[in-house]
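Peer 1: kindly return the folded structure for what I paste below:
(one chain, ligands or ions: 1)
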Amino acid sequence: MTNTTNNIVISHLCKRYGEKDILKEVSFEAKQGRITAFLGPNGAGKSSTLRILLGLDLCSTGTATFGGRKYVTFDTPLKVVGAAFDGIGGTPSRRVRTHLNIIAQSNSIPFRRVSEVLEKVGLSEKSKARLGTLSLGEGQRLGLAAALLGDPQYLVLDEPTNGLDPTGIRWFRKFIRQQSDMGKTVLLSSHLLSEVEAVADDVVIINHGKIIATGELQHVMKNLESLEDVFFSLTEGGA
Ligand SMILES: Nc1ncnc2c1ncn2[C@@H]1O[C@H](COP(=O)(O)OP(=O)(O)OP(=O)(O)O)[C@@H](O)[C@H]1O
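Peer 2: Okay, the predicted model is just below:
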């Protein structure tokens, strides 16, 4: 039997900005030990959903939980949920290690974890670099390092491959698979369809604030040549 204790559950989320409904009864699950890709064209509602999940925004109705609990109920959230979202933050003149030390300290995470996660993401040599000097790909790796600091059960990653070169993308795929093999629950948003095809177990497709397809990657792709075909046919080409 599948253990559903450590699933991310999004249930009937609705969100309205002014007169516009931007999330309409959004429901889906990201399961433990699996990589779930949250896909949709620009403006579909991916970031809005993830922001609500991470307690950065409020919904009109509905719930978004990690193992049955809302993000805001965790005392030291980074020990439960690792999120890479909206860039790396921090002042450009701050050094990489200092940046991670500050995040670690805020969640009572031992400083030794900083060296460990820098090594995990291949950034050890950049530990003294200033944030403002990092490349886009290095910034993505640093975001991932910050997400991993608390060795969390859940990883929520917004466009994680954006800015990675082919070697970086290959590294990311292997890395994220290791995380899910360890039993982590991984939810990543993307509009890089080819990337998702290579890495996801499950897909959730959103368009105009509505979920239009969910399921195992192979199932959603059934009878179609690639996820790109599915995506374009379901969203009428609006990537
Ligand atoms: N603060 C806001 N006020 C008004 N409308 C907003 C606000 N934030 C988002 N929206 C609108 O909500 C809709 C969903 O936006 P959202 O950022 O969630 O989409 P997305 O799928 O993440 O897109 P992208 O791939 O471009 O990041 C869009 O139409 C957007 O214009």
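Peer 1: now the helix or strand harbouring L155: how far from the chain's centre is it?
Peer 2: Counting by DSSP states H and E, the element that carries L155 is strand 154-158. Counting by CA atoms, centre = their mean, to the nearest Å, strand 154-158 is centred 3 Å from the centre of its parent chain.
Peer 1: quick check: what element follows that strand along the chain?
Peer 2: Sequence-wise, the next helix or strand downstream of strand 154-158 (DSSP H and E) is helix 166-181.
Peer 1: quick check: mean pLDDT of that following helix?
Peer 2: Averaged across helix 166-181, the pLDDT comes to 91.
Peer 1: what is that helix packed up against?
Peer 2: strand 35-39, helix 136-148, strand 185-190, helix 193-199 (3 or more CB pairs under 8 Å, 6 or more residues apart in numbering; DSSP states H and E). Heads up, the C-betas are built off the backbone N, CA and C, glycines and all.
Peer 1: next, the buried residues of it.
Peer 2: G168, I169, W171, F172, R173, F175, I176, Q179, S180 (16 or more other CB atoms under 10 Å).
Peer 1: now the residue most central in space within the chain. Nearest residue, chain neighbours left out?
Peer 2: Centroid-nearest residue in the chain: L157, 1.8 Å away (criterion: CA atoms, centre = their mean). Excluding its sequence neighbours, the residue lying closest to L157 (CB to CB, 6 or more residues apart in numbering) is L188, at 4.3 Å.
Peer 1: before we move on, back to that, quick one: is the strand holding L155 near the ligand?
Peer 2: No - residues of strand 154-158 contacting the ligand under CB under 6 Å from any ligand atom: none, with a closest distance of 8.0 Å.
Peer 1: helices of the protein, residue ranges please.
Peer 2: Remark: helices assigned in the chain by DSSP state H are 46-53, 96-106, 112-120, 136-148, 166-181, 193-199, 217-220, 227-235.
Peer 1: G82 is nearest to which of these?
Peer 2: helix 136-148 (3.2 Å; CB to CB).
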